[in-house]
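[1] build the 3D model from these lines:
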Amino acid sequence: MITDEPRAEPTSGPPPRDHATGPIRALTNEARAWIIALLLMLPALIPVAVHFARAQRGGLATSYIYYDMPVYMANARALVEGDRIHWFYANPNDSSTDAPRIYFQPTTLLYAVVWKSTGLAPGLVLSIVGAASAWVCARVAIALFRDAAGSARDGPHRLALIALFWGGGLLAAAGAALAVATHKSPLAFESLVALDPARGLWFLNFGRNLVFPTEAAYHALAFGILLAVGRRRWIVATLLQLILSACHPFTSIEVALIVACWVGFERGFMKNRDVPRLFIVTACAQIIVILWYYGVYLNSFEAHRLVHAQLALDWGIQARNFVPAYALVAALAFWPMRDARRAAAHLSTPRRRLYLIWFLVAFALANHEFAIRPVQPIHFTRGYIWTPLFLLGVETLLGLFAAIGGLRVKPVRVLAAAALLAVMLSDNAAWFAHIAYDGLLDPASRAWRPPDPAWPRDIRLRPAQRAALDRLNQTDLAGCLLVSRDRLIGYLAIAETPLRSWLGHFLNTPDFEAKSQALDKLFDAGVLDPSWRDRDLVILDDRDEPSAALAKTLEDSAATPVFRDADVRIWKVVARDSRAARNLR
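    Next up, the predicted model:
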């Protein structure tokens, strides 16, 4: 049970005003908190709901609302072999038959267990587990909020809690202003997200992270660790850190560094003896284990080194992005610390010092290109900079709402509170509104369009593509290597079928560019890659008729047609050695 009653701090101010007085009251409060968490996380389901609503107008829903999502279910399927579920999996984007089983994530194992036990479509499994993860994360976030703001249930606290979940910054306003200055439409989606990286999909504030199943799970663990540390529950924090360390390299090292820096500061500078020496050791050990696994062990395998080189991208965040993103919460956070005396008073509790160190470490990691070679610095944002600033400044926000509540004229009071909340929520309101508009109201969305390879945020399939995936799932093609001209099918197949694919996720496929060229040579010039000659192949072409060169190669290879629907054609090519063995028999 996640109680909202933190362990008391001598200098942390008054305790929450609604302490449970008995088991029944405690259960009632807990049930109420879970209901509130459910209500607060519901907006995160809007993109999935729009995805299924759009499917009514054309294209078949897959539950994948963004390009990266199928790879997580591909990882989960890679754990399953017959009736057995392995602990470790090989990269499903690696077409090699001897790809090493070196990867492990608890979240991936959970997806595999749910998929294997229910038999549901992989995309649906991801959505269901993701919704459950978002609910748990929302509950942990409420506890984190109440540790910082108290658990009163008055109007200011309710409004501030909404702001924690769906507050943002001034990105939409700054984007609209930029559009006006450059003579563009300020209300166009492109204008409102012009300064929001990847059209808002890097999630610079907290709540939007609940949209992605994986991020919801990572945030639930990360917030749980920081909640436990703030409450001095060292064993819980250590156990959750162990789980997170195996889940995600970016989030795990970020949280481990936050915790290690905080315990070092508390013990070394503040002489806080409440932090056990053993926890300092475990916090440092976490960092060593993470660096060894992701930096040494995995990189001892050539296949992983190739993928790591593709993932080591200079994807960063600039001042033009983070200044408007964090302006509001930064102002709230630093107002109580506007001079040395006030800063000392505000940071007099270990919990607030944790929030400050959380912010400083996350901000440094998100801008680590100034110190070391950048490896996707923007991966360290994901609301981890915004949230501690909010928690540091939540009392300022509560004071603003309380001051508004003190106004005598009710209409003025209501309008002022609504205006302040509207400013806080403007980024997410604009983002969700345009997702809904684009999916449901925009006339251009009424006609189905295939996913844009440059922006595949809504993966829906033509009936022929779905039929092709169903055919690829049949047992007579088991063990074959899929070579697909339709790159979306080639990618989805590793999540939706047991086949390995020549090309999967563009960053997780070793030697992606070289393999892309080999694919083009086959379908344009009929040239088989040498590495295919000893493999049984499934060749998928998405043209009405194959090129003359491909047709000649298929004839020479004794290819057998196994599927045709609309413009999708599939052939099975048995390796020459296999054909010779069959002839001998």
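[2] mean confidence for the helix or strand hosting residue 320?
    Assigned by DSSP states H and E, residue 320 falls within helix 319-334. Averaged over helix 319-334, pLDDT sits at 95.
[3] pull the distance from the helix or strand following it to the chain's centre.
    Sequence-wise, the next helix or strand downstream of helix 319-334 (DSSP H and E) is helix 340-346. In terms of C-alpha atoms, centre = their mean, to the nearest Å, the gap separating the centre of helix 340-346 from the centre of its chain is 36 Å.
[4] any chance you could map the strands in the stretch 451-585 of the chain?
    In the stretch 451-585 of the chain, the strands defined using DSSP state E, counting those that start in this stretch lie at 460-461, 481-484, 500-501, 537-541, 560-565, 568-573.
[5] can you pull up the most central residue in the chain?
    residue 215 (3.3 Å; C-alpha atoms, centre = their mean).
[6] quick check: pLDDT value at the closest residue to that residue other than its chain neighbours.
    Nearest residue to residue 215 in three dimensions, chain neighbours excluded: residue 209, at 4.3 Å (C-beta to C-beta, 6 or more residues apart in numbering). (C-beta placed from N, C-alpha, C; glycine too.) Residue 209 carries a pLDDT score of 97 in this model.
[7] residue 488 too?
    For residue 488, the model assigns a pLDDT of 92.
[8] what about it, how many residues nearby?
    By other C-beta atoms under 10 Å, 20 other residues sit near residue 488.
[9] against residue 263, how distant is it?
    Distance from residue 488 to residue 263, counting by C-beta to C-beta, to the nearest Å: 47 Å.
[10] kindly report the same for residue 300.
    From residue 300 to residue 263 the distance is 31 Å (C-beta to C-beta).
[11] what do you get for residue 420?
    36 Å.
[12] so which of the two has more stuff around it?
    Neighbours per residue, other C-beta under 10 Å: of residue 420 and residue 263, the larger number sits with residue 263, 26 against 16.
[13] contacts only, for the more buried one.
    275, 279, 280, 283 (C-beta atoms under 8 Å, 6 or more residues apart in numbering).
[14] still on that earlier bit, quick one: the helix holding residue 320 to chain centroid distance?
    22 Å.
[15] give me the helices and strands touching it, please.
    Using 3 or more C-beta pairs under 8 Å, 6 or more residues apart in numbering; DSSP states H and E as the contact criterion, the elements in contact with helix 319-334 are helix 171-181, helix 386-405, helix 410-436.
[16] quick check: which of those is buried the most?
    Highest mean neighbour count among the helices and strands packed on helix 319-334 (mean count of other C-beta atoms under 10 Å): helix 386-405, with a mean of 22.
[17] between it and helix 319-334, how many degrees?
    50 degrees (axes from the mean of the first three to the mean of the last three C-alpha atoms, to 10 degrees).
[18] hmm, back to that, shouldn't the residue nearest to the centre of the chain be in contact with residue 384?
    No: applying C-beta atoms under 8 Å, one finds residue 215 not in contact with residue 384, separated by 10.7 Å.
[19] secondary structure element holding residue 215?
    According to DSSP H and E, residue 215 maps onto helix 213-230.
[20] can you give me the angle that helix makes with helix 386-405?
    For helix 213-230 against helix 386-405, the angle between stretch directions is 80 degrees (the same axes, to 10 degrees).
[21] so which bits of helix 213-230 are buried?
    Buried residues in helix 213-230, defined by neighbour count with 16 or more other C-beta atoms under 10 Å: 213-230.
[22] and the average pLDDT for that helix is what?
    Mean predicted lDDT for helix 213-230 stands at 97.
[23] what's the spacing between residue 115 and residue 179?
    According to C-beta to C-beta, residue 115 and residue 179 sit 44 Å apart.
[24] give me the residues contacting stretch 219-238.
    Taking C-beta under 8 Å, 6+ apart as the rule, stretch 219-238 contacts 6-7, 133, 136-137, 140-141, 143-144, 147, 206, 209-210, 240-241, 243-244, 247, 251, 254-255, 258-259, 262, 274-276, 278-279, 282, 350-351, 354, 358, 382-384.
[25] again, only this time at 7 Å
    6-7, 133, 136-137, 140-141, 143-144, 147, 209, 240-241, 243-244, 247, 251, 255, 259, 262, 274, 276, 279, 282, 351, 354, 358 (C-beta atoms under 7 Å, 6 or more residues apart in numbering).
[26] distance between the ends of that stretch?
    16 Å (C-alpha to C-alpha, to the nearest Å).
[27] and for stretch 524-542?
    Terminal residues of stretch 524-542 lie 13 Å apart, using C-alpha to C-alpha.
[28] which residues sit against it?
    Contacts of stretch 524-542 (C-beta under 7 Å, 6+ apart): 468, 472, 477, 479-486, 489, 499, 518, 521-523, 547, 549-550, 552-553, 559, 567-578.
[29] ok, stretch 486-502 next?
    70, 73-74, 77, 92-93, 95, 122, 451, 465, 468-469, 472-473, 477-478, 480-484, 503-505, 515, 519, 538, 540, 542.
[30] now do stretch 295-302
    Counting by C-beta under 7 Å, 6+ apart, 100, 102, 304, 305, 308 sit against stretch 295-302.
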